[in-house]
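give me a model of this one.
(chains A, B, C and D)
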Protein chains: 2
Amino acid sequence: MRTPEPLLILTTDELLAERWQGLADRVLHGRQADALDAWRRDGHRLVVADLGLGSPTSPLWESAAWKRSAHGLQILAASSVPSEDEGLTLMNAGASGYCHSHGPLDTLRQALEVIASGELWVGRALLSRLLRLVDSRLPRAGLADWSSGLTDREREVAHHAAVGESNALIGDTLGITERTVKAHLKAIFEKLGVEDRLQLALRVHGVR
Amino acid sequence: MRTPEPLLILTTDELLAERWQGLADRVLHGRQADALDAWRRDGHRLVVADLGLGSPTSPLWESAAWKRSAHGLQILAASSVPSEDEGLTLMNAGASGYCHSHGPLDTLRQALEVIASGELWVGRALLSRLLRLVDSRLPRAGLADWSSGLTDREREVAHHAAVGESNALIGDTLGITERTVKAHLKAIFEKLGVEDRLQLALRVHGVR
DNA sequence: ACGCCACCTGTCCACGTGGACAATGGCGGG
DNA sequence: CCCGCCATTGTCCACGTGGACAGGTGGCGT
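You can find the predicted model right below:
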């Protein structure tokens, strides 16, 4: 982040290429999937891909070839005419971020920093819509009800265990003995009716 | 962004206060809403508020007083035990960001930069779940994609293991030796880059 | 025919896990 | 004031797991 990572830009738009050239190591005209392969082979990860004015969900992005090429890369998709639908499609197709092509350069730079660090980027417009959609339409049942009946400490331990941390690690991060972690887990298993930390993980993450 | 903005930290957790003091101008123990008013009167905007271990949806955050005080401020809510539910509630209650209290400091710093620039911050775990929830008919890359590269048999074994079955059981149902199951799992772990059947389960079920 | 690969099986061993006995201190309600 | 709940820690042990050595078969392409 401090030292900007090599960045590949894919676009067919002359103006955008010019506009963005300041922050990229390499600008390619086109959207060839093989360019992605080459980029990855060179050990790089960061890519900005311009969608141009294509159909809202360009078939290119849904092709198996694209997904295969995009795998392992962190791609910031930029659209000239951002839409909820397009954003969703692209993010679900494996993109790490989605932004407006003609937005401020600073925003683009920030988005790149964010996805370079392994997080995801979605602009505030789309994100706030997502939040409202989920909040209004989806019943809360099953989202967080697993923790009902657990004490605060148990909830905490359960959360750590559910993401694959070992008892020793959990105890270490919580500042307690491994033995105590096991005691909490015992109670957790009992209360949730599971007998495994794996079953716990599935329960916590809402599987089945 | 380049010149860090004044930052107020609200927490009741000693360890967190110590951990975060490096990046704050002022650390307050407590969660008083009037502290927010004072902060805004001084012309500041940035706040990190620790939720502690309160109930998933602490009543404090839903009170009218809190919302009034939080208005105009950019608040990053930090939870020790993040959950979908809590994140949704807080973001919809006016928070600008939601993150894990014990996450890396760099991530926190980045989140602060992002919300300082007027955007919203949601960690990739919650965000990816939101995306999947909203667009659930499209199996997200990683949900149907985890099995790419695996052989048919490996896919089969992986599926059984990912729902919590023991090696012996898997071998039994597939009509092979437990030893063979372990061999398959070895290959699976290798190919997927995990080292655990729990990590495998999370991967298979699209968690993280 | 040779090599590659998917599939199958064997033994040994270090390690983490979960259960079965325990015990102590604190804190709030009846 | 005692009882119940919570958090904490202890030892011992059976078991499943995953890694590290091994191998053996059959199919498929050059």
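
do you know how far residue A:118 is from residue B:204?
Distance of residue A:118 to residue B:204, given as CB to CB, to the nearest Å: 20 Å. C-beta: built from backbone N, CA, C; applies to glycine.

these two - which one has more neighbours?
Neighbours per residue (other CB atoms under 10 Å in any protein chain shown) separate residue A:118 from residue B:204, with residue B:204 holding more: 23 against 11.

out of everything not next to it in sequence, what's closest to the more buried one?
Leaving aside its sequence neighbours, residue B:204 sits nearest to residue B:162 (CB to CB, 6 or more residues apart in numbering or on different chains; 3.9 Å).

where along chain A do the strands fall?
For chain A, the strands defined by DSSP state E occupy A:7-11, A:26-29, A:46-50, A:74-79, A:97-100, A:121-122.

list the residues that contact residue A:111.
A:76, A:97, A:99, A:121 (CB atoms under 8 Å, 6 or more residues apart in numbering or on different chains).

which of those residues has the most neighbours?
residue A:121 (28 neighbours).

now the closest residue to that residue other than its chain neighbours: how far from residue B:127?
Spatial nearest neighbour of residue A:121, excluding adjacent residues (CB to CB, 6+ apart): residue A:97 at 3.4 Å. Noted for residue A:97: a distance of 10 Å to residue B:127, by CB to CB.

how about residue A:128?
As judged by CB to CB, residue A:128 and residue B:127 stand 12 Å apart.

who has more neighbours, the two?
The neighbour count for residue A:128 versus residue B:127, taken as other CB under 10 Å, is higher for residue B:127 (22 against 14).

and for the nearest residue to residue A:125 once chain neighbours are set aside, the neighbour number?
Leaving aside its sequence neighbours, residue A:125 sits nearest to residue A:82 (CB to CB, 6+ apart; 7.6 Å). Other residues near residue A:82 come to 20 when the count uses other CB under 10 Å.

residue A:193 now?
Residue A:193: 8 neighbours (other CB under 10 Å).

ok, now the one 4 residues further on?
Residue crowding around residue A:197 was assessed by other CB under 10 Å; the count is 21.

contacts only, for the spatially most central residue of chain A.
Chain A has residue A:120 as the residue nearest its centroid, 4.0 Å off, counting by CA atoms, centre = their mean. Residue A:120 is in contact with A:91, A:96-97, A:114, B:124, B:127-128, counting by CB under 8 Å, 6+ apart.
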